[in-house]
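A.B. asks: whatever this is, show me its structure:
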Amino acid sequence: MLTRVHEDVSAKMQLSTLNVLAQFRTAPNLLTLLRLFLVPFLVIEIFDGNWSGAFILFVAAGISDGLDGMLARRLGQRTTLGQYLDPIADKLLLSTLFLVVTHEGLVQRYVTVLVFSRDLGILLVCTLLYVTNTLRDFPPSMLGKVNTAVQIVTVILILVHQVWGWLPFQTPIDLLLRAISVIAPCSAVQYAWVVARRVQERAANGAVS
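C.D. replies: Numbering: from 1, shown residues only. Take a look at the predicted model:
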């Protein structure tokens, strides 16, 4: 009896592993992995002072981000893995870039602390809720989308300003960084509130059923 149970569990684990591997091989997820692969090379280009190369790699990462979503819709290849992998790749790219440009003295430390703390906190909370099977889906909040958009624009302007220093981008960059210092913690609070409400609703529904 125990042997049969063990065989059933092993079979299910093998099927689960095969399913995950199959999801990795889809075109959208391969593009997402490519985006992750570009991160260290982008960092190296910045440390080497090759801002043109860094800008090109960042644009390539942005194109891959747009393509993976388009391909997922058109090819019908939306996967559970992609739902988690795509936002993780985006956050890793942005958080890493903020750390690097802060190291280069282009962004105030407190801004990067707020950005990194927000993303790390949300990642830890979502991981905990996922592992404990409390929640399985984590859609972005409205402020979260605004926060990501502002960060992307800020990084683009910083890279462009380093490549073409004569462009009058320093003032807009300063304003965007101040905006991030406000939006990042506010979006974290909103996300925590939304997640807490969803957990309470699920608990209440479970109690009723």
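A.B. asks: from the centroid of this structure, which residue is nearest?
C.D. replies: The structure's the chain has its C-alpha centroid closest to residue 91; by Cα atoms, centre = their mean the separation is 2.8 Å.
A.B. asks: so that residue is in which element?
C.D. replies: Here residue 91, judged by DSSP states H and E, is contained in helix 80-103.
A.B. asks: and what of residue 133?
C.D. replies: For residue 133, there is no host helix or strand (DSSP H and E).
A.B. asks: ok, so what distance separates it from residue 80?
C.D. replies: The spacing between residue 133 and residue 80, counted by Cβ to Cβ, to the nearest Å, is 14 Å. Using the backbone N, CA and C atoms, a C-beta is placed for each residue, glycine as well.
A.B. asks: check which element follows the helix or strand bottoming out on mean pLDDT in the chain along the chain.
C.D. replies: Within the chain, no helix or strand scores below helix 2-24, which has a mean of 48 by mean pLDDT, DSSP states H and E. Note on helix 2-24: by DSSP H and E, the next helix or strand toward the C-terminus is helix 27-47.
A.B. asks: pLDDT below threshold where in this protein?
C.D. replies: Within the chain, the stretches with pLDDT under 70 are 1-25, 75-77, 81, 206-209.
A.B. asks: could you rerun that using 80?
C.D. replies: Residues of the chain that meet the criterion pLDDT under 80 lie in 1-29, 68-84, 130-131, 133-140, 202-209.
A.B. asks: hmm, residue 44 and residue 96 touching each other?
C.D. replies: No. Using Cβ atoms under 8 Å, residue 96 is not in contact with residue 44, being 11.6 Å away.
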